[in-house]
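> here are the coordinates; sequence isn't available:
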């Protein structure tokens, strides 16, 4: 009986070290994608300012249309942390300020990756966030990042 308990303990220990310990977590790759017709190159700062509506046009002058994801989606959480560098409270405060000063509202959140890919493929200047392995031939990648 003691041997069986020891085996169970070792298995539980290995499971907890491998699957629960964040040090062993694998970073997920994400991509900011845009319409194929958008021939503008953009930096991470450009993407941040376009998303936050501090800029309204891509560097080539084309009108930008930002799409978000659901607030609690892995894509949006990683984007907020890595690209925007803002907490949820800071993002909320930003949009309250933008609404009061200029009437701007946050980018439309699209929960379905299929719908997001379709919207971006048919709207020049549009951009959004997907997992890097979800990029298809109807869009192009502007920048990649990991969580």
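Nice, I can see it. Please read all numbers here as calculations on a predicted model, not as lab measurements. Residues are numbered from 1 along each chain as shown.
> check which helix or strand the closest residue to residue 36 other than its chain neighbours maps to.
Spatially, and ignoring its direct neighbours in sequence, residue 36 is nearest to residue 140 (5.6 Å; C-beta to C-beta, 6 or more residues apart in numbering). Where C-beta positions appear, they are placed from N, C-alpha and C, glycine not excepted. Per DSSP states H and E, residue 140 falls inside strand 139-146.
> how about the strands in this structure?
According to DSSP state E, the chain carries its strands in the segments 29-35, 65-68, 108-109, 126-131, 139-146.
> in a markdown table, list those along with mean neighbour count.
Formatted as a markdown table, the strands of the chain follow (neighbours: other C-beta atoms under 10 Å):
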| stretch | mean neighbour count |
| --- | --- |
| strand 29-35 | 23 |
| strand 65-68 | 20 |
| strand 108-109 | 13 |
| strand 126-131 | 23 |
| strand 139-146 | 16 |
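> I'd assumed residue 48 was in contact with residue 55.
No. At 9.2 Å, residue 55 does not count as touching residue 48 under the criterion of C-beta atoms under 8 Å.
> the helices in this structure, which residues?
2-15, 44-51, 74-79, 88-102, 113-122 (DSSP state H).
> how close does the residue nearest to residue 106 when sequence neighbours are not counted sit to residue 104?
Among residues not flanking residue 106 along the chain, residue 95 sits closest, at 4.9 Å (C-beta to C-beta, 6+ apart). Applying C-beta to C-beta, to the nearest Å, the value for residue 95 to residue 104 is 8 Å.
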